[in-house]
Structures are given as structure tokens and as C-alpha cells.
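Q: coords below, sequence missing:
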């Protein structure tokens, strides 16, 4: 089974991830590892809600999500996290975390309210687990659910092994005697020792000197693997989160996006600046053209579909493959900041 990454969302997620795995990295996201006979990484967006980028990063790394539900139910922040996960099409499971202090009647009420929020999302049919993060009651059932979820992810990754190699970089640093090491996730294809690849958007050619997966040396790593790549031909200070080590990618500073806006947003207008979250990339975009039903428009609103074209105002070119799914966010929105699902078409 390949390595699997789950983003842990919702109220009380910190207590849950600490009870499930050992933390090995902390920035605006916390990474916890678990050995279940397969390698599992749990991602907690600890920088959220102050940083929407932390949430987008966690979801950009994730294969699926675990959403924590407290005895008081979902709050507005949990709703925003569920919305973002759903826009990316991520599935997963719901984890009720207050089993030790909840009556069956209250539990059923919380579940009913939660299911109403989940209607129409990618999690509306998600299974439930019921645990106590204090007494650890129910953890065995949760692990059974996680194992089944990861088995389904394995089948999905098996379909991606033959695609061109694509590694999304999370971080990079120098290791004495090794040189530049880039940490990231193999999103497609397979990366092997002595592969010659390109770092996008830099256009810098590199050679893979060695590969580690959870501190073990390997000769190659398939789609789904979280890897450490020792790279020849680049310095770690040149690598940033969101860059892509790949055999082929496209670049654009004026992306063309096919968008579907969420049902509860004020929408956007021509001239507005929104944020694009694509993979682990984040960039502000000034909207120059909105088209809907074959006509130019000045505004697009809640629940509508359109195509947007614009210009990145910072960061540099966006790395993409045609059809990649991204999130559009309005950081000044009064409600949920994630406003649309966008497919990058050019």
C-alpha cells in the first residue's frame, strides 16, 4: 500500500491527531506519522483560521479528510473547512470526539444537525466514528474505518503510476554530506534514483541522487508516496513550498479558469483581486474578464458558473497541468472565504 495523507479538520482536531500519531514537523501545519503496516501521515492546519493558506496547504497534501465533530456540533470554522474540502472533491470520514460525556439523545441530535450541513458536499455520505480523545474509547473502530479509507486510496493511486512524474514540494533544506533535500508528495507517476527532472516554475534541471520514504532509503517511490529527494543541481534556498519537480508542466501568469461558485457568496466582479490556491501554490489574481453563457459580464454571483481570466499580481507563474482543480478565495469575504471551485484550463 502506498503512503496515505489525511487532513484532520474541525473542532478538537489537535487532541485527535496527538492521540493517533507522532508529530515530526511543525510550521503552519503539523505533520504526524503513523505506521499501520502502511505509512500514514496526518496533517493538522494549526495556522488556521488566522491563515487560510494553512488550510489550503493541508488540503493540497491530503488524499482524504477526517472531520472532527465536537459535542456542540460544527462551528463556522468547521463549515469553512468542510466547504474547502468539498470544493476539491475530497472524501473521508466524520469523527465525533466527545463520546465520554455525551448521551445517546444528544449524540443523535448532533449527528442530525451535522448531516444537514453536509448535504450537497463530498462528505454527505461519509461514515462516522465515535471516540473519546480522553479515554480513547472507540479508537479501535476509528482505525478500522481509516484502514478501509486508505485501501480505497490505494486503488486510486494505482491508476496514476503510469502518468508523467510529478512531485509537489512542501519544504527544502540542506543536509551535510547530502546537499539539497526536498520534501514533498508524489502526486503522479513514479520518481526514481538518477531521474533527470525539472523544477517548475524555475525551469531548473535536477538529478535525483537518492530517495527516502519515512527515513528509509528506496530506489523509487510511486504516486502517493511522501518522499525526501536529494537533488543535484539546485540549492535549497531556491526551492519554495508549492514548486513542482516534474517531467512536464505548464506555466501561466494569466490563468484561464472554469469556475463554479458556492451557493452562499457575494461573488466577484471584474477588477477584484482573489486568491488562487492550486496544489501548494498561493497567488493573488486580479480578475480581468468574466464570461458566462458566451457573454462578457461585470459580476458573477452565488451558485453561478463562468470562466474567469486574469493576471497574477505576485509570486510569478502558476504551475499547472490542464484540468487541475484549484480554490478561489476572497480573503475579505464576510462569510466563508472560499468562494469557488476552479479548473485551470490555460
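A: Sure thing, it's come through. These numbers come from a predicted model, not from an experiment.
Q: following element in sequence after the helix or strand residue 170 falls within, please.
A: In this structure, residue 170 sits in strand 166-175 according to DSSP states H and E. Moving toward the C-terminus from strand 166-175, the next helix or strand (DSSP H and E) is strand 179-188.
Q: pretty sure residue 254 contacts residue 313?
A: No: the criterion here is CB atoms under 8 Å, and residue 254 misses it with residue 313 at 11.2 Å. To be clear about C-beta, it is placed using only N, CA and C from the backbone, and glycine gets the same treatment.
Q: the two - which one has more neighbours?
A: Per other CB atoms under 10 Å, whichever of residue 254 and residue 313 has more neighbours is residue 254, with 14 against 11.
Q: wait, a helix at that one?
A: No: the assignment for residue 254, made by DSSP: H, G, I helix; E, B strand; the rest coil, is coil rather than a helix.
Q: what bridges to the closest residue to it other than its chain neighbours?
A: Excluding its sequence neighbours, the residue lying closest to residue 254 (CB to CB, 6 or more residues apart in numbering) is residue 311, at 5.3 Å. Residue 311 has these beta-bridge partners by DSSP bridges: residue 286.
Q: how many neighbours does residue 311 have?
A: 13.
Q: next one: residue 119
A: Residues near residue 119, counting by other CB under 10 Å: 8.
Q: next secondary structure after the lowest-mean-pLDDT helix or strand in the chain?
A: Lowest by mean pLDDT, DSSP states H and E among the helices and strands of the chain is strand 22-26, with a mean of 85. The element immediately downstream of strand 22-26 (helix or strand, assigned by DSSP H and E) is strand 30-35.
Q: tell me the mean pLDDT for the helix or strand where residue 282 lies?
A: For residue 282, the host element (DSSP H and E) is strand 281-292. The average pLDDT within strand 281-292 is 96.
Q: how big is the angle separating it from strand 166-175?
A: With axes from the mean of the first three to the mean of the last three CA atoms, to 10 degrees defining the directions, strand 281-292 sits at 160 degrees from strand 166-175.
Q: now for strand 281-292, which elements pack on it?
A: strand 268-269, strand 273-278, strand 295-297, strand 299-300, strand 305-312, strand 318-320 (3 or more CB pairs under 8 Å, 6 or more residues apart in numbering; DSSP states H and E).
Q: got a markdown table for these, with distance to residue 69 and mean pLDDT too?
A: Converted to a markdown table, these look like this (distance: least, CB to CB, whole Å; pLDDT from 0 to 100):
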| stretch | distance to residue 69 | mean pLDDT |
| --- | --- | --- |
| strand 268-269 | 31 | 94 |
| strand 273-278 | 25 | 97 |
| strand 295-297 | 39 | 93 |
| strand 299-300 | 33 | 94 |
| strand 305-312 | 31 | 96 |
| strand 318-320 | 34 | 97 |
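Q: save those as CSV, and put in distance to residue 56 too.
A: Listed next are the helices and strands packed on strand 281-292 as CSV, based on distance: least, CB to CB, whole Å:
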stretch, distance to residue 56
strand 268-269, 18
strand 273-278, 4
strand 295-297, 27
strand 299-300, 21
strand 305-312, 16
strand 318-320, 14
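Q: which among those strands is found nearest to residue 132?
A: strand 273-278 (34.1 Å; CB to CB).
Q: for this protein, which helix is longest?
A: Identified as the longest helix of the chain according to DSSP state H is helix 139-158.
Q: who's in contact with it?
A: 1-2, 4, 6, 19-20, 36, 38, 40, 63-64, 66, 92-93, 95, 127, 129-131, 222-224 (CB atoms under 8 Å, 6 or more residues apart in numbering).
Q: and with 7 Å instead?
A: 1-2, 4, 36, 38, 40, 63-64, 92-93, 95, 127, 129, 131, 222-224 (CB atoms under 7 Å, 6 or more residues apart in numbering).
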